[in-house]
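# Next comes the sequence, and after it the predicted model I'd like to discuss.
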Amino acid sequence: MAAVVDKDKCTGCEACIDICPVEAISMKNGTAFISDDCTECEACVGECPSQAISV
């Protein structure tokens, strides 16, 4: 199961995009979108300043 983004908390800062080692995160309509390529490494969870990402 891939990481999940809480769209209400995501501010669109893109910090998670740069930290993802498998490039599984992109932006869609101003919020982060995590594809099925996610390996659940949780790097994005710790990087998100608004705590919008969980596994």
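Sure, I can see it.
# show me where the protein has helices.
Secondary structure of the chain (DSSP state H): helices at 15-19, 43-47.
# now these in JSON lines, with mean neighbour count?
All C-beta spots, glycine's among them, are computed from the backbone N, C-alpha and C. Output for those, formatted as JSON lines (neighbours: other Cβ atoms under 10 Å):
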{"stretch": "helix 15-19", "mean neighbour count": "17"}
{"stretch": "helix 43-47", "mean neighbour count": "17"}
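# between these, which gets nearest to residue 2?
helix 43-47 (10.4 Å; Cβ to Cβ).
# Report the beta-bridge partner residues of residue 33.
Here residue 33 sits in beta bridges with residue 26, going by DSSP bridges.
# picking that back up, right, so of the helices of the chain, which gets closest to residue 3?
Per Cβ to Cβ, nearest to residue 3 of those: helix 43-47, 6.0 Å.
# Give me the distance from that closest one to the chain's centre.
8 Å (Cα atoms, centre = their mean, to the nearest Å).
# now that helix: mean pLDDT?
The pLDDT scores in helix 43-47 average 96.
# Might one say that residue 51 is in contact with residue 9?
Yes: in terms of Cβ atoms under 8 Å, residue 51 counts as a neighbour of residue 9; the distance is 6.4 Å.
# could you dump the helices of the chain to CSV with distance to residue 31?
Putting the helices of the chain into CSV (distance: least, Cβ to Cβ, whole Å) gives the following:
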stretch, distance to residue 31
helix 15-19, 10
helix 43-47, 13
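# and residue 22, how many neighbours does it have?
Counted with other Cβ atoms under 10 Å, residues neighbouring residue 22 total 11.
# Surely it touches residue 38?
Yes: the criterion here is Cβ under 8 Å, and residue 22 meets it with residue 38 at 7.2 Å.
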